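Peer 1: Pasting the sequence and the predicted model now:
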Amino acid sequence: MLLAQFAPILMFVAGIALMTMILLRRTYRTIGRRRKFDSRPIDAQPRPKSEWDGAKADSTAVIERQRVELAEMSRDVNGQLDTKIMILRELMTQSQQQITRLEQLLQESEVASGDARLR
């Protein structure tokens with residue numbers, strides 16, 4: 001009699017326990033499978049050979065990559081040109097100073113040679 005009263009409750013608890021065991025077992029299996037694939041250390045995973053490896057198949061990415069590379073090359077060339085222009089300006093300033101110095105020396109030598117002739 002007492003067993004007849006608690007039989008539905010016991011069956012319900014046993015069903016919940018059985019479902020919990022089944023779900024936990026299934027969860028542990030899926031976690032175990034996932035761990036097998038992701039358990040490699042990061043050093044062992046393949047690395048891309050260049051920064052654009054993942055975008056090779058995408059045409060818009062290829063165009064964007066070419067635009068970026070073109071902009072980088074243009075920036076490099078502009079920097080090189082600016083440097084060469086600055087060096088050229090400095091050389092022109094130095095050469096102008098040398099021309100002025102040579103003209104002064106030429107005038108001094110003419111004055112000195114004129115004084116030497118007068119004596």
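Peer 2: Good, I have the coordinates. From a predicted model like this one, the values you see are computed outputs, not experimental measurements.

Peer 1: tell me the domain boundaries of the chain?
Peer 2: Here the domain parsing of the chain from automatic domain parsing is 8-37, 73-119.

Peer 1: Enumerate the positions of the shortest one that are buried.
Peer 2: Yep, that's domain 8-37 we're talking about. In terms of neighbour count (16 or more other CB atoms under 10 Å), domain 8-37 has no buried residues at all. All C-beta spots, glycine's among them, are computed from the backbone N, C-alpha and C.

Peer 1: Show the average pLDDT along it.
Peer 2: Throughout domain 8-37, pLDDT has a mean value of 85.

Peer 1: So what's the gap between that domain and the chain middle?
Peer 2: 46 Å (CA atoms, centre = their mean, to the nearest Å).

Peer 1: for the helix or strand hosting residue 102, packing partners?
Peer 2: Using DSSP states H and E, the element containing residue 102 is helix 59-118. Helices and strands touching helix 59-118, by 3 or more CB pairs under 8 Å, 6 or more residues apart in numbering; DSSP states H and E: there are none.

Peer 1: for the record, mean pLDDT for it?
Peer 2: The average pLDDT for helix 59-118 rounds to 91.

Peer 1: re earlier: could you dump the domains of the chain into a markdown table with distance to residue 58 added?
Peer 2: Formatted as a markdown table, the domains of the chain follow (distance: least, CB to CB, whole Å):
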| stretch | distance to residue 58 |
| --- | --- |
| domain 8-37 | 26 |
| domain 73-119 | 22 |
